[in-house]
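> Give me a model of this one.
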Amino acid sequence: MKGPKASRPAICAILAFACGPILAAAPEPIDFSADSVQASLAKDKERTILSGRASVKTGSISILADRIELFGKDFTYMQCTGSVAVVDTDKKMRLESPSLYYDRDKKLLRAEGPSILQDDRNKLVLKAEWIESDNNSEVTLAEVAVRIVKDKLACRAEYALYRRKDNILELTGSPSASKGGDNYAATRMVVNTDTEDIQLEGDVSGSVVDKKEPAKGQTASPAAAKPPDQSPPPATSSPSATAPEGVAAPDAGGVK
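Model prediction:
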């Protein structure tokens, strides 16, 4: 059934009337609307295409996109394209992607293209070219150009496994991590997203910034204690002016 473009309330009314008996047997109620609709209600070939400000709500999940195609028995499957945005109010998670597949029965989301997963509960953001998230087990897989940011911790890898219930993030494929100026690299990393502890395995390397506090009674900045009318001391009197032979001079501002 295809007709002229109609208003959103009219489209909702058409879908409620035509699809009500079919959707009644669905695992969860589903509501959807769009600027225009193309629907086929033949038995075992149910398919509905929503175009223009397409919106679907099922359970705790809401999906917005330029185009959403619903198909399969009881409209179990969705293929969404164009500025896809997903919000799960129960899990407190958000997902943005150019293309998304969703299985309502398995609670499985699969995003392709530059995608962003935001875990509001754990204050964690994950970016990748491919993300698959199982809402039942709360396990997320990410591949290609993976980036994870949480508070002061930033990680990079080609592959990531995020076990949300356990607060565990496993990184492989040239993983690296930085926190508070410290940098680490290894063959495999396991990060506790709650404590931000990092376990390194395989070929490990890293660099650590000296965060030692000034000794008691020592002025943190000698220049700040200098009287205003005192001329600067000769360059040779500054212990940091000339580095010992064979040792690189410290980078100004690089030491905390």
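
> Let me see the contact set for Ala85.
Listed by CB atoms under 8 Å, 6 or more residues apart in numbering, the contact set of Ala85 reads 63-65, 94-96. Where you see a C-beta, it was placed from the backbone N, CA and C, and this is true even at glycine.

> Among the residues you listed, which one is most surrounded by other residues?
Ala65 (26 neighbours; other CB atoms under 10 Å).

> rewinding a little: widest-spaced pair of the contacts of Ala85?
Pairwise distances across those (CB to CB) peak at 14.0 Å, for the pair Ala65 and Arg94.

> can you put the contacts of Ala85 in a markdown table and add distance to Leu153, pLDDT and secondary structure?
As requested, these are arranged in a markdown table below (distance: CB to CB, whole Å; pLDDT from 0 to 100; DSSP: H, G, I helix; E, B strand; the rest coil):
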| residue | distance to Leu153 | pLDDT | secondary structure |
| --- | --- | --- | --- |
| Ile63 | 30 | 97 | strand |
| Leu64 | 30 | 97 | strand |
| Ala65 | 32 | 97 | strand |
| Arg94 | 20 | 96 | strand |
| Leu95 | 21 | 97 | strand |
| Glu96 | 22 | 97 | strand |
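
> what about Arg49, distance to Leu41?
Just so we're on the same page, residue 49 is Ile rather than Arg. Going from Ile49 to Leu41 by CB to CB, to the nearest Å gives 13 Å.

> Centre of the chain to stretch 110-119, how far?
Its chain's average C-alpha position is 6 Å from that of stretch 110-119, according to CA atoms, centre = their mean, to the nearest Å.

> same question but for stretch 128-148, I mixed them up
Taking the mean of its C-alpha atoms, stretch 128-148 sits 8 Å from the chain's own mean (CA atoms, centre = their mean).

> I'd like the contacts of Ala85 written out as TSV, with distance to Glu143 added.
As requested, these are arranged in TSV below (distance: CB to CB, whole Å):
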residue	distance to Glu143
Ile63	22
Leu64	25
Ala65	22
Arg94	20
Leu95	15
Glu96	17
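
> Specify which member of those residues is nearest to Ser55.
The closest of those, once distances to Ser55 are taken by CB to CB, is Leu64, at 5.4 Å.

> Would you mind confirming that that closest one is in contact with Val84?
Yes. Under the criterion of CB atoms under 8 Å, Leu64 makes contact with Val84 at 7.2 Å.

> strands paired with the helix or strand harbouring Thr140, and their directions?
In the assignment (DSSP states H and E), Thr140 maps to strand 139-150. Partner strands and pairing direction for strand 139-150 (DSSP bridges) are strand 124-134 (antiparallel), strand 153-163 (antiparallel).

> per-residue pLDDT, Met1?
Reported pLDDT at Met1 in the predicted model: 40.

> Oh, that last question was meant for Cys80, not what I typed.
On pLDDT, Cys80 comes in at 97.
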